[in-house]
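Asker: after the sequence you'll find the predicted model.
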Amino acid sequence: MSDVPKQISVNGSWVQCDEKLKDKTAIITGANTGIGFWTAVDLARRGAKVILACRNVEKAQEARAQVVKEAKCLEEKVGLKILDLASFASIRKFAEDIIATEDKLNILVNNARVMLCPEGKTEDGFETQFGVNHLGHFLLTNLLLDLIKKSAPSRIVVLSSIAHKYGKMNFDDLNSSKKYDSWAAYGQSKLANILFSRYLAKQLAGTRVTVNSVHPGSVKTELQRHIHAPTGSYLFKFVVNLTQLPGFSWLMKWKTAEHGAQTSIYCAVAPELADVSGRYFSDCKVDNETTAAQNDADAEKLWNVSIELTKLNA
């Protein structure tokens, strides 16, 4: 894991560099709203061909038109393909389509995520947050990995969260079947994101493909739609709700979605990060992940378990 050189691409926590992405192709999952949308706008502005990978067709079509408008780019520079990260079949179909139609993939931003969901299962029977946030992106990334390596230099950006600090890999009950707590399940999924990034970065050493995870900050997006669900940490919900009342915003500094996208953008484009891999970023700089997120034994165990659960090699 390389040391991070002096930052030249940011001003505070906003990306300022004018790095161009002409002849580059990028895929952003969950790009129809929030952080993913603004990440797509930025990469399109830089000249990349951007593919929005989204589950909801109608919302994705609207988002595509808005990305073109905001980025002031040609319509053909923004593509749209349907991807449901809660379905391994959908992920495999998406990957097959990309491999058949695209000759390169320089940037993959694993942006889509779900948060504090009521207890539920993916199409393949996994707890929703672990299934979507980790397993879905694990399978997607590995299915596209040969194309990413062929397109090097390439970058993979994985959205995690500061919530990983409250997560624990419960290998005896990854599906939270014994006791479901939405906050604990979310924290586990975000810890899994970092462990996945860490392990993959080591596997890709010397390939000119980098992998970094990011915490976008506390961002007001549709992600908070389950904050009032009956399961999970009542203290956390109370604090989050309190911060949105007049006079209590100082408890948590909320970012706009555009501001929240900056660290993902930074990891995707900053020239000084060309050789930086396996790190965890927040506010456009390296941050300290927890000891649990640096556990290489857990990272390898999670990798092997994920291969089995996704039937990656089947």
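Answerer: Structure's in. What do you need? Residues are numbered from 1 along each chain as shown.
Asker: does Val305 touch Phe171 like I think?
Answerer: Yes: here Val305 reaches Phe171: they are 7.0 Å apart, a contact under C-beta atoms under 8 Å. (Glycine included, C-beta is placed from N, CA and C.)
Asker: these two: who's more crowded?
Answerer: A count of neighbours by other C-beta atoms under 10 Å puts Val305 above the other of Val305 and Phe171, at 15 against 10.
Asker: which other helices and strands does the host helix or strand of the more buried one contact?
Answerer: When secondary structure is defined by DSSP states H and E, Val305 falls within helix 296-310. Applying 3 or more C-beta pairs under 8 Å, 6 or more residues apart in numbering; DSSP states H and E, one finds that helix 296-310 contacts helix 137-150, helix 182-203.
Asker: what angle do that helix and helix 137-150 make?
Answerer: Angle, helix 296-310 to helix 137-150, by axes from the mean of the first three to the mean of the last three C-alpha atoms, to 10 degrees: 100 degrees.
Asker: hmm, who's touching helix 296-310?
Answerer: By C-beta atoms under 8 Å, 6 or more residues apart in numbering, the surrounding residues in contact with helix 296-310 are 88, 126, 134-135, 138-139, 142, 169, 171, 174, 192, 195-196, 198-200, 292, 312-313.
Asker: give the closest residue to Ala192 in space, chain neighbours not counted.
Answerer: Once flanking residues are discounted, Ala192 sits nearest to His134: 4.0 Å by C-beta to C-beta, 6 or more residues apart in numbering.
Asker: now that neighbour: how far from Leu159?
Answerer: Look at His134 and Leu159: by C-beta to C-beta, to the nearest Å, they are 11 Å apart.
Asker: name the residue in those two with the higher neighbour count.
Answerer: Taking neighbours as other C-beta under 10 Å, His134 and Leu159 compare with His134 leading, 30 against 26.
Asker: helix/strand/coil for that one?
Answerer: Put simply, His134 is helix when judged by DSSP: H, G, I helix; E, B strand; the rest coil.
Asker: could you do Val214 as well?
Answerer: Per three-state DSSP, Val214 ends up strand.
Asker: might one say that it is in contact with Leu159?
Answerer: Yes: Val214 is within contact range of Leu159, at 5.9 Å (criterion: C-beta under 8 Å).
Asker: any shared contact partners between those two?
Answerer: Counting by C-beta under 8 Å, 6+ apart, the residues touching both Val214 and Leu159 are Ser264.
Asker: can you verify my assumption that Val10 contacts Glu19?
Answerer: No: distance between Val10 and Glu19: 11.7 Å, which falls outside the contact criterion (C-beta under 8 Å).
Asker: the helices in the stretch 151-300 of the chain, which residues?
Answerer: Secondary structure of the stretch 151-300 of the chain (DSSP state H, counting those that start in this stretch): helices located at 182-203, 234-243, 257-260, 262-269, 296-310.
Asker: need these in JSON lines (columns: mean pLDDT).
Answerer: As requested, those are arranged in JSON lines below (pLDDT from 0 to 100):
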{"stretch": "helix 182-203", "mean pLDDT": "97"}
{"stretch": "helix 234-243", "mean pLDDT": "49"}
{"stretch": "helix 257-260", "mean pLDDT": "95"}
{"stretch": "helix 262-269", "mean pLDDT": "98"}
{"stretch": "helix 296-310", "mean pLDDT": "98"}
